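Engineer: Provided below are the primary sequence and the corresponding predicted coordinates.
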Amino acid sequence: MLSKADEDQLQRVCGNDETLAEARKLVPLAKARTKRGSGHYVSGLTTALPAICAYIISKHLNNNDVALDSARQSACLNTSDFNKALRTVSTVLEAELSPRQRAIAYDILHEKYAVEMSYSIFSMFLRQAETALVQLETPYDVGSSEVHCAIFFWVSLIANVKQLPTIDEFSQDNAILSKRIAPIIMILNDNCKSLKNKIIEGATTSSRPSSPTKSLSKSTVTYTPRRTPSKPRRELLTRDSAKKASDPGLSATKADNSADTSDVEMAPPETPSKKRKLDISSSISPSKRRLPFPPITPSAPHITRITSPLTAKSLATPAIPSPLRRSARFVLQEEVDAVMDTDEEEDCGSEAVDRSLKIEFMLEEKYEKDEPALKRRFRPVYQDLKQWYARDAKMLRIWKEAKPI
């Protein structure tokens, strides 16, 4: 708020409302920037500040509303003092009166230096860098041209833009000082490691060529030779081959078996002698038949696990195993049973120990809660003796009365 003297001086000097309104804004700034200790102190010339501000704003607006002589006469100063005060006030108000330039836009820089990355992705990285500067609480204005150029140069440098010049040439092209954008670039480079990795990944993905042949090759499904439809297996001609050809049910089951066993290795052709052995073994009831399924142990590396029942059918196992195989199988089964029993005992033992420890812990807690806290009492020896030798008062009175007698 202006004082009455300053307002009267402005009313006398200014003849235009626009000049008067702008001069009212400049007078407080001029007083604050020319006070004692500011470095631009004008001793004894503070009364001339309203007239000087009116003349400066009239010159800035170029409306010839306030003349130099009328401003000097209103300030009541001689020519030398008025000129000295005018130079000082013009210096401190230069930043307010200088025309402000618009900040350099990112899209103009993106087009100027021919960045290969698309502008949508590139602008996303630029906005993230601006957010990082704000979160770091730096004294720089994010909307200024210097910050825009520094962020663009840093992101382009990480993205490996081919047409990006040196920092001095970049600053000269955009009419800014390199010493002003260099600290901003250093701050971003030191504090934005994760953003730097994202920019590198985005640059590699955008520079990677996308060819239609690669997409087609990815979509085509390739089959391995083992899984492709195999030809029907050749068999030796026997007496039953004519029956198999005439029976459609057998052909259907054969087709299913051939489709299921596409991954299984081809078995040797069946001979009449092997077929007779299979017929003998198939005559045994399923309840009496026991397929050997011994587990794989380090002591018996030669025994393999049968993974499919079809392979068990294709392998001709003897109906009555030899005593050596039977004893070896019995020993292996005993070892496995012993290991399983010990594991179960260990598990049961560990569970029992854990359960007992838990119960003991719960009982201890309950006992500590139920048991009242014991208070130690201090009983001096004198009090004990006094209580021990104490007698009833009535007895003492009777004893005293009996003594004289």
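Structural biologist: Now that the structure is in, tell me what you want to look at.
Engineer: CA only for contacts and neighbour counts going forward, please
Structural biologist: OK.
Engineer: Next, the contact list for the closest residue to residue 172 other than its chain neighbours, please.
Structural biologist: Nearest residue to residue 172, sequence neighbours excluded (C-alpha to C-alpha, 6 or more residues apart in numbering): residue 178, at 8.0 Å. Counting by C-alpha atoms under 8 Å, 6 or more residues apart in numbering, residue 178 makes contact with 167-168, 171-172.
Engineer: Relative to residue 160, how far out is residue 178?
Structural biologist: Using C-alpha to C-alpha, to the nearest Å, one gets 20 Å for the distance from residue 178 to residue 160.
Engineer: Narrow the contacts of residue 178 to those in helices?
Structural biologist: 167-168, 171-172 (DSSP state H).
Engineer: what mean pLDDT does stretch 106-117 have?
Structural biologist: For stretch 106-117, mean pLDDT is 89.
Engineer: And for stretch 120-132?
Structural biologist: Computed over stretch 120-132, the average pLDDT equals 91.
Engineer: Residue 6 is in what secondary structure piece?
Structural biologist: Here residue 6 sits within helix 4-13, counting by DSSP states H and E.
Engineer: what's next to that helix, contact-wise?
Structural biologist: By C-alpha under 8 Å, 6+ apart, helix 4-13 touches 20, 23, 47, 50-51, 54, 66, 70-71, 74.
Engineer: Buried residues, that helix. List them.
Structural biologist: 6-7, 9-11, 13 (16 or more other C-alpha atoms under 10 Å).
Engineer: now do stretch 161-176
Structural biologist: 161, 164, 167, 170-171.
Engineer: Can you list the low-confidence ranges for the stretch 251-400 of the chain?
Structural biologist: Applying pLDDT under 70 to the stretch 251-400 of the chain flags the ranges 251-382.
Engineer: Residue 86 and residue 195: what is the separation?
Structural biologist: Going from residue 86 to residue 195 by C-alpha to C-alpha gives 50 Å.
Engineer: Which residues are in contact with residue 182?
Structural biologist: Counting by C-alpha under 8 Å, 6+ apart, residue 182 makes contact with residue 150.
Engineer: in what helix or strand does it lie?
Structural biologist: Assigned by DSSP H and E, residue 182 belongs to helix 178-191.
Engineer: and after that helix, which helix or strand comes next?
Structural biologist: Past helix 178-191, the next helix or strand by DSSP H and E is helix 193-207.
Engineer: what's that following helix packed up against?
Structural biologist: helix 119-135, helix 145-158 (3 or more C-alpha pairs under 8 Å, 6 or more residues apart in numbering; DSSP states H and E).
Engineer: Much appreciated, bye for now.
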